[in-house]
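> below is the sequence, then the predicted model.
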Amino acid sequence: MSQLDALRGLLGMSEDATYNAHLEVFGNAYKTSVLESMGSTGVITAEYREPLDKLRSRLGVSEDDSKALYLEAMEERMIPMIEWIILELERTMLTAEQLAQKRQKDFGEDYFKSGKGADVSGFLS
């Protein structure tokens with residue numbers, strides 16, 4: 001890090017001028033770390049917030065860029081979860097006809113709609 005600071009000083013560049021280069025090179029690593037810190041729940045606990053901030057600083061990614069990367073990671077993680085919830089909600093709340101019409105897919109006829117089980121007495125003898 002000190003060598004990068006020395007090089008930036010030698011070139012007469014401000015820290016702000018290097019943010020775009022750092023974002024291109026290290027942005028994906030920061031986003032991956034955000035995804036990993038979310039775990040399976042999609043929630044970043046307090047114990048991971050400080051290490052993520054230290055990583056952001058070490059990678060030279062600006063706070064604004066880190067927020068954008070955080071939102072991208074959240075979107076990447078949450079959209080499949082929300083889509084699954086919507087599908088399950090539709091499946092449980094809509095009738096078979098409504099579901100077929102909404103998804104434009106034929107689900108076939110429910111032969112056991114009456115609640116009676118299949119008559120397998122002929123197969124058992």
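Noted; the coordinates are in hand. Residues are numbered from 1 along each chain as shown.
> what comes up buried for stretch 47-58?
Taking 16 or more other CB atoms under 10 Å as the neighbour-count basis, stretch 47-58 is seen to contain the buried residues 48, 52, 55-56. All C-beta spots, glycine's among them, are computed from the backbone N, C-alpha and C.
> mean confidence (pLDDT) on the one helix or strand Pro80 maps to, please.
Secondary structure here is read from DSSP states H and E; on that basis Pro80 sits in helix 63-93. The average pLDDT for helix 63-93 rounds to 90.
> quick one, phi/psi of the nearest residue in space to Ser37 that is not next to it in sequence?
Spatially, and ignoring its direct neighbours in sequence, Ser37 is nearest to Tyr48 (4.0 Å; CB to CB, 6 or more residues apart in numbering). With angles defined as degrees, to the nearest 10, Tyr48 sits at phi -100, psi -10.
> Tyr48 contacts Leu35, doesn't it?
No - here Tyr48 lies out of contact with Leu35, judged by CB atoms under 8 Å, at a distance of 11.4 Å.
> by mean pLDDT, point me to the weakest helix or strand of this protein.
Per-element confidence for the chain was summarised using mean pLDDT, DSSP states H and E. The lowest value among helices and strands belongs to helix 121-124, with a mean of 61.
> tell me the centre residue of the chain?
In the chain, the C-alpha nearest the mean C-alpha coordinate belongs to Arg77, at 0.9 Å (CA atoms, centre = their mean).
> that one and Phe26: what is the separation?
As judged by CB to CB, to the nearest Å, Arg77 and Phe26 stand 20 Å apart.
> how about Met38?
Taking CB to CB as the criterion, Met38 is separated from Phe26 by 19 Å.
> contacts only, for Met1.
For Met1, the contacting residues are Arg58, by CB atoms under 8 Å, 6 or more residues apart in numbering.
> and stretch 90-99, how far out from the chain middle?
Averaging C-alpha coordinates over stretch 90-99 and over its chain gives two centres that are 27 Å apart (CA atoms, centre = their mean, to the nearest Å).
> over to stretch 13-21?
Here the centre of mass of C-alpha atoms in stretch 13-21, compared against the chain's by CA atoms, centre = their mean, lies 29 Å away.
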